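[1] Got a predicted model here, sequence first, then my questions.
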Amino acid sequence: MSLSSSEWFSRNGIECSRVNAIGSRFPRHLHDEYVICANLSGREEIWLDGKVSDVFAGQVTIYNPVAVQSSLFSNDPVSFISIHLPQAVLTERFGTTATPALREGVFNDERLFQAIHAFDRAARAADELMLEQQLLWLCGELLDDKESTLQGDVQIIEQVKQFLREHLHEKPQLDALAQRAGLSKYYLVRRFTQLTGLPPLQFHMQLRLQQARYLLRRRVHPQDVALQLGFYDQSHFINTFRKVMGITPYHYSQQIASAQHKLPIA
């Protein structure tokens, strides 16, 4: 039996960790924060409000502050992300001193699962701008009232997308984007993600990488591509490009050049 927490971070008062467990348990306990978890592997049996439920990989669990809970982990390895969200974070979103009550228990919610993952990655990277965006995304999914998409929102988000396309060499600031759209940062990130599938900063990075491929296909040197698109150093450009394409910019340009006689590139 084993139970351990790894990669435990505290960012702006929000704690985030990865927990690994085999055949062990958390006895009944409570927290004064919201606890939001994404199960990555294995099976966890939780006790909450007198009910027992199983949690499997791909599912999320949500606990309100001071909710009494316990966990029993299977003998197969269990791994999950756990985010401890202070009450003040959500009360600020509502503009009230009352503590919002979230839906509690076990859920199949792909968007929330991805939002938890994204916050975890940003916390480990210690990227403050990205962390702010991912927190807004996470809160948006937690507080989502499933409202219908308004046509006005579609038009506004299209304008933001066009602005991002026209400023590939600049790292966008959420405050400036929200001001330009006439929306709060929280609402902008929420609606942008709902309508495009990606938050604004990730969408902008995909546009930059798309343009990088365009330039590399036209024999622009990788170092010049990085400079044109505002990457702060070659290492950042190489790592970001490789993460998406599975190949470095240099080797991509080399393979494209060697294949010109075999396959035309649009």
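    Received it, and whenever you're ready, just let me know what you need. Residues are numbered from 1 along each chain as shown.

[2] Now the element after the longest helix along the chain, going C-ward?
    In the chain, assigned by DSSP state H, the helix with the most residues is helix 200-217. Sequence order places helix 222-228 as the next helix or strand after helix 200-217, per DSSP states H and E.

[3] Show me what that following helix is packed against.
    Applying 3 or more C-beta pairs under 8 Å, 6 or more residues apart in numbering; DSSP states H and E, we find helix 222-228 packed against helix 200-217, helix 234-245, helix 249-258. All C-beta atoms are positioned from the backbone trio N, CA, C, and that covers glycine.

[4] Dump that helix to PDB, restricted to CA.
    The C-alpha trace of helix 222-228 is given here as PDB (Å, rounded to 0.1, in the frame of the first residue of the first chain):
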ATOM      1  CA  PRO A 222      14.300  28.900 -38.400                       C
ATOM      2  CA  GLN A 223      16.200  31.500 -36.400                       C
ATOM      3  CA  ASP A 224      14.600  34.300 -38.500                       C
ATOM      4  CA  VAL A 225      11.200  32.600 -38.100                       C
ATOM      5  CA  ALA A 226      11.600  32.700 -34.400                       C
ATOM      6  CA  LEU A 227      12.500  36.400 -34.500                       C
ATOM      7  CA  GLN A 228       9.600  37.300 -36.800                       C
END
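
[5] Could you pull out the buried residues of it?
    Residues 222, 225-226 are the ones in helix 222-228 that count as buried (16 or more other C-beta atoms under 10 Å).

[6] between those residues, which is nearest P172?
    Within the buried residues of helix 222-228, proximity to P172 (C-beta to C-beta) peaks at A226, which comes in at 17.8 Å.
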